[in-house]
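Enquirer: My questions are about this predicted structure, shown below with the sequence.
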There are 2 protein chains.
Amino acid sequence: MIQKIDHIGIAVNNLEASTQYFENALGLSCHGTEEVASQGVKTAFFEAGEVHIELLEPTSSDSPISKFLEKNGEGIHHIAFGTDDIEKQLSKASDAGIRLIHQTPIPGAAEKLVAFLHPKSTHGVLTEFCMPTKKA
Amino acid sequence: MIQKIDHIGIAVNNLEASTQYFENALGLSCHGTEEVASQGVKTAFFEAGEVHIELLEPTSSDSPISKFLEKNGEGIHHIAFGTDDIEKQLSKASDAGIRLIHQTPIPGAAEKLVAFLHPKSTHGVLTEFCMPTKKA
């Protein structure tokens, strides 16, 4: 089942300018930055209660975030729901007729398994499921 | 200070269809519905951990949600940060050069005080602050 909103991804043009906004205007603290070369993004992380906010700046023109920014400008890119059983969550969505981007979970950042639902099936909200990988 | 993400508002064309998606595909339960005539919207509420999800369907063509849907289609409309001092939060944002939609908080739903920041100042994310009203 869905336990919480794990994180919200926000597409931004410039990580530094957006970090300043989140720090100075909202008073949130940046907990770290990371470059994910495979996705063509640099990220900065913030916390608001149990939810992480991930700012996403593209590092290449073929990054999905570049395409999002070209089409929509800056704004919320996706919402990730934290679940304790990502396979079951995908089956449930599939059974309900939802188009899956990932039929099975793939490794994501922070040692999580992740899978996306297609926004055409989800009322315009690009939706991710994520689950911590089980430790041995 | 910001304590959590209080809620996420999602603009939808049809409350019933979107409620079915959140219930059947995500497995979340609808906790209630409300019509807010002053804003020209019907809403349905869901919970994911400490965050409420508010689906917003316009009930009139001059509702802000109608305008959003015409321009953007369905999708995330705003994020509301829960704070313990909304006046201080607004001052902080204003001092950082952020354009405020509300200079002082106004009464919102669920006995809260609310105020919005202008999305042109907030990297494309329509941002609300909200705070429970103090009980006598």
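Expert: Yep, that arrived.

Enquirer: now the strands for chain A?
Expert: For chain A, strands defined by DSSP state E occupy the ranges A:2-11, A:30-36, A:41-48, A:51-58, A:75-83, A:106-107, A:112-117, A:127-132.

Enquirer: count of residues packed around the nearest residue to residue A:74 once chain neighbours are set aside?
Expert: Nearest residue to residue A:74 in three dimensions, chain neighbours excluded: residue B:124, at 3.5 Å (CB to CB, 6 or more residues apart in numbering or on different chains). No exception for glycine: its C-beta is placed from N, CA and C like everyone else's. Other residues near residue B:124 number 20, with proximity taken as other CB atoms under 10 Å in any protein chain shown.

Enquirer: gap between residue B:124 and residue A:76?
Expert: 8 Å (CB to CB, to the nearest Å).

Enquirer: Next, show the common contact partners of the two.
Expert: A:10-11 (CB atoms under 8 Å, 6 or more residues apart in numbering or on different chains).

Enquirer: and residue A:83, what does it touch?
Expert: So, once contact is read as CB under 8 Å, 6+ apart, residue A:83 ends up touching A:1-3, A:89, A:129-131.

Enquirer: That one pairs with what?
Expert: When assigned by DSSP bridges, residue A:83 has beta-bridge partners residue A:2.

Enquirer: Same question for residue A:112.
Expert: Going by DSSP bridges, residue A:112 forms beta bridges with residue A:132.

Enquirer: Contacts only, for the nearest residue to residue A:35 once chain neighbours are set aside.
Expert: Excluding the flanking residues, the one nearest residue A:35 by CB to CB, 6+ apart is residue A:42, at 4.9 Å. Residue A:42 sits next to A:15, A:33-36, A:56-57, A:59 when contact means CB under 8 Å, 6+ apart.

Enquirer: Which of those are buried, as a PyMOL select command?
Expert: Selection of buried members from these for PyMOL, criterion 16 or more other CB atoms under 10 Å in any protein chain shown:
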select buried, chain A and resi 15+56+57
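
Enquirer: got JSON lines for the contacts of residue A:42, with pLDDT too?
Expert: Formatted as JSON lines, the contacts of residue A:42 follow (pLDDT from 0 to 100):
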{"residue": "A:15", "pLDDT": "97"}
{"residue": "A:33", "pLDDT": "94"}
{"residue": "A:34", "pLDDT": "91"}
{"residue": "A:35", "pLDDT": "91"}
{"residue": "A:36", "pLDDT": "84"}
{"residue": "A:56", "pLDDT": "97"}
{"residue": "A:57", "pLDDT": "98"}
{"residue": "A:59", "pLDDT": "97"}
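
Enquirer: What is the nearest of the contacts of residue A:42 to residue B:69?
Expert: Of all these, residue A:56 has the smallest distance to residue B:69: 24.9 Å, by CB to CB.
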